[in-house]
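In: model this:
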Amino acid sequence: MWGRVRRASAAALLAVGLTAGCATFPDNGPREWQEQIEGAGELGGIPRVPESADPRTPPPSAQQSPQGGPPPEPQPCDDPDPAVVETCLEPVGAVAVLPDGVSALVAERTTGRVLRVERGTDPELVATVAVDASGGGGLTGLVLSPSYAEDRLVYAYATTPEDNRVLLIAEGEPPKPLLTGIPRGASNNGGALGVDVDGSLLVATGDAGGADPASLAGKLLRIDTFGRPAIGNPDPASPVLSSGLTAPGGVCVNPATTAAWVTDRAGTQDVLHLVVPGPLGPPAWTWPDRPGVAGCVAQFDVVAVAQTVATSLFVLRTDPVTTAFTATETQLAGVYGRLAAAAPGPDGLIWLGTVNKDGGVPVPSDDRVVVLPPVASGGQSRA
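Out: Numbering: from 1, shown residues only. So this is what the prediction gives:
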């Protein structure tokens, strides 16, 4: 199955490698980041949710006192930004947008809480996962079941005192282990989850500070919804699809092209890999300045990467046929602080979560969940 699904992407990679003399990007190896013109392209700067773009999510209006006097003083968790969906959370480890497009499940990395959030309502506790947040671990992955509309199931990636593991969360029931025994260590315990185009789960695991290469650490796993190796893996008896990860921050799949991407904070640079079966080769993109790549969203001709250290959203535009990069943009620089979680909504909106309480400079309403319009076509080419 994997061979059939990924054949187009593999052919595209070959085409990129053979194409010479490209005016904008050489296609013969990793690309290094260079400073871009912020706000260039059709976005024209920081994207915001237009006040009239979606009648389901109007911006908050000023409240008058019963006597007609001035509005009450804003509370610490109030945020007037119409793009902000929820405030005063603990560091957001992951976001999974619900099918209605106006609410989402949010994982708090350090508390293990899974909350349902929606603008204008109080967060609703869905589940609590017992986690050990040391070494970058905790609750760092969250995705809906491929058949969520029927089964209402959610999958999570968590660090426990014993290991890193994938958990199954059902409404009204305690989380149940699905895949256990992923090594944990003094560092690089975080992981990420994605859903492949065939409904299998993609699980990016950290190397736990240098675990045994033969273990499940530092791998991209591909399993079915029962935790078994997915059909089409290189070794039918193994959940391992690819190897060579260090501290992955996000997994994202482009439903239009079937290309799967994984971000990683490697030893000397941050990288973006186009997923292929077997050992991961040279990265598709590199950031030598190590901006802290985290969650990602892949749409038709765009890969958007949340950056924690750089406090921005980095947008790579791709050729949808060859997956070659054609332009880059930096968005939201410094606007919401340290961005980590990223997830697409069913309507194309991009949901982001912040981790300003985890090494940043939090404002009174942090940490927050933010929803933004889709990234527009166009962009600033890189020579």
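In: give the closest residue to residue 234 in space, chain neighbours not counted.
Out: Leaving out its chain neighbours, the residue that sits closest to residue 234 by CB to CB, 6 or more residues apart in numbering is residue 277, at 4.9 Å. All C-beta spots, glycine's among them, are computed from the backbone N, C-alpha and C.
In: swap that for residue 133, sorry
Out: residue 110 (4.4 Å).
In: residue 138 too?
Out: Using CB to CB, 6+ apart, the nearest residue to residue 138 is residue 109, at 3.9 Å.
In: ok, now which ones touch that neighbour?
Out: Going by CB atoms under 8 Å, 6 or more residues apart in numbering, residue 109 touches 90-93, 131, 133, 138-140, 355, 358.
In: same thing but at 6 Å, please
Out: Applying CB atoms under 6 Å, 6 or more residues apart in numbering, we find residue 109 in contact with 91, 93, 138-140.
In: do the same with residue 244
Out: Shown in contact with residue 244 (CB under 6 Å, 6+ apart): 279-280.
In: re earlier: got the confidence number for the residue nearest to residue 133?
Out: pLDDT recorded at residue 110 is 98.
In: re earlier: tell me which of the contacts of residue 109 fall in helices.
Out: Here DSSP state H is the test, and these give no hits in helices at all.
In: go through those and name the one nearest residue 271.
Out: Nearest to residue 271 among the contacts of residue 109: residue 140, at 18.2 Å, using CB to CB.
In: beta partners of the closest residue to residue 251 other than its chain neighbours?
Out: Leaving aside its chain neighbours, residue 251 sits nearest to residue 194 (3.4 Å; criterion: CB to CB, 6+ apart). Per DSSP bridges, the residues bridged to residue 194 are residue 202.
In: from residue 151, how far out is residue 194?
Out: Counting by CB to CB, to the nearest Å, the gap from residue 194 to residue 151 is 18 Å.
In: in the contacts of residue 109, which residue is surrounded by the most others?
Out: With neighbours defined as other CB atoms under 10 Å, the most crowded of these is residue 93; it has 34 neighbours.
In: got a pLDDT number for that one?
Out: Predicted confidence (pLDDT) for residue 93: 98.
In: swap in residue 324?
Out: If you check residue 324, the pLDDT there is 89.
In: who has more neighbours out of residue 194 and residue 151?
Out: Per other CB under 10 Å, whichever of residue 194 and residue 151 has more neighbours is residue 194, with 24 against 13.
In: what sits against the spatially most central residue of the chain?
Out: Nearest residue to the geometric centre of the chain (CA atoms, centre = their mean): residue 295, 2.5 Å. Residue 295 makes contact with 250, 306, 341-342, according to CB under 6 Å, 6+ apart.
In: equivalent analysis for residue 175, please.
Out: 127, 129, 167, 169.
In: could you find the closest non-adjacent residue to the last one?
Out: I take that to be residue 169. Among residues not flanking residue 169 along the chain, residue 154 sits closest, at 4.3 Å (CB to CB, 6+ apart).
In: okay, now the closest residue to residue 228 other than its chain neighbours: neighbour count?
Out: Leaving aside its chain neighbours, residue 228 sits nearest to residue 239 (7.7 Å; criterion: CB to CB, 6+ apart). Each residue near residue 239 was counted by other CB under 10 Å, and the total is 23.
In: now residue 239: how far from residue 221?
Out: Distance check for residue 239 against residue 221: by CB to CB, it reads 4 Å.
In: can you pull the pLDDT of residue 73?
Out: Per-residue pLDDT puts residue 73 at 69.
In: again, but for residue 41
Out: Turning to residue 41, the model gives it a pLDDT of 36.
In: work out for me the element the residue nearest to the centre of the chain sits within.
Out: For residue 295, the enclosing helix or strand under DSSP states H and E is strand 293-299.
In: neighbouring strands - and their directions - for that strand?
Out: Assessed with DSSP bridges, strand 293-299 is paired to strand 302-307 (antiparallel).
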